[in-house]
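Chemist: below are the sequence and a predicted model for it; my questions follow.
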Amino acid sequence: MVIRDLHLWLDMTIFTERLKLFRTERKITQARLAGLLEVDPRVYNRWERGLSTPQFETIIKIADILKVSIDELAGRKEPTNNIQLHNHELQSLYQQVDVLSDEDQQALILVIDSFVRKTHMARVVQKVR
């Protein structure tokens, strides 16, 4: 697909909002993302403020780095709830949870919740000491 006029395809207001949203959700700084894209941080900053538009090839790179679709980034599709876990094994298992029955999903929620609560309690106890 050849996009001759990117401005006709891309709503810059939505693009800039999504660009910042996805970047901050992933805890990536503007400078870091600019580095990954091999562009000057000031250039990246102008994209995020809607003062200039990246080339389409760069938009593809941004989507790849942020692990979103181009349509999500451009506002042509609502963002999916992509939960990114640092543990790759957990990430793989998380992606398979939908195949579980509702009952098994509820049991999994209870197990995870109990571990999270246990960790929170341990931290509270440690602060009190």
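Modeler: Now that the structure is in, tell me what you want to look at.

Chemist: residues contacting residue 12?
Modeler: 50, 53 (Cβ atoms under 8 Å, 6 or more residues apart in numbering). For every residue, glycine as well, the C-beta is placed using N, CA and C.

Chemist: again, but for residue 51
Modeler: Contacts of residue 51 (Cβ under 8 Å, 6+ apart): none.

Chemist: helix, strand or coil: sort out it for me.
Modeler: Using DSSP: H, G, I helix; E, B strand; the rest coil, the secondary structure recorded for residue 51 is coil.

Chemist: so for the longest helix belonging to the chain, mean pLDDT?
Modeler: In the chain, assigned by DSSP state H, the helix with the most residues is helix 102-128. Helix 102-128 comes out with an average pLDDT of 88.

Chemist: which neighbouring elements make contact with it?
Modeler: The contact analysis (3 or more Cβ pairs under 8 Å, 6 or more residues apart in numbering; DSSP states H and E) places helix 102-128 against no helix or strand.

Chemist: wait, what's in contact with the residue nearest in space to the middle of the chain?
Modeler: Residue closest to the mean C-alpha point of the chain, counted by Cα atoms, centre = their mean, is residue 22 at 4.3 Å. Residue 22 sits next to 66, 68, 72, 73, 79 when contact means Cβ under 8 Å, 6+ apart.

Chemist: out of those residues, which end up buried?
Modeler: 66, 68, 72, 73 (16 or more other Cβ atoms under 10 Å).

Chemist: the third one is in what secondary structure piece?
Modeler: Element membership of residue 72 [criterion: DSSP states H and E] is helix 70-74.

Chemist: now do that helix: which elements does it pack against?
Modeler: Against helix 70-74 (3+ Cβ pairs under 8 Å, 6+ apart) you get helix 12-25, helix 56-66.

Chemist: of all these, which one is nearest residue 117?
Modeler: Checking those against residue 117 by Cβ to Cβ gives helix 12-25 as the closest, at 24.7 Å.

Chemist: now do that closest one: distance to the chain's middle.
Modeler: 10 Å (Cα atoms, centre = their mean, to the nearest Å).

Chemist: much appreciated, bye for now.
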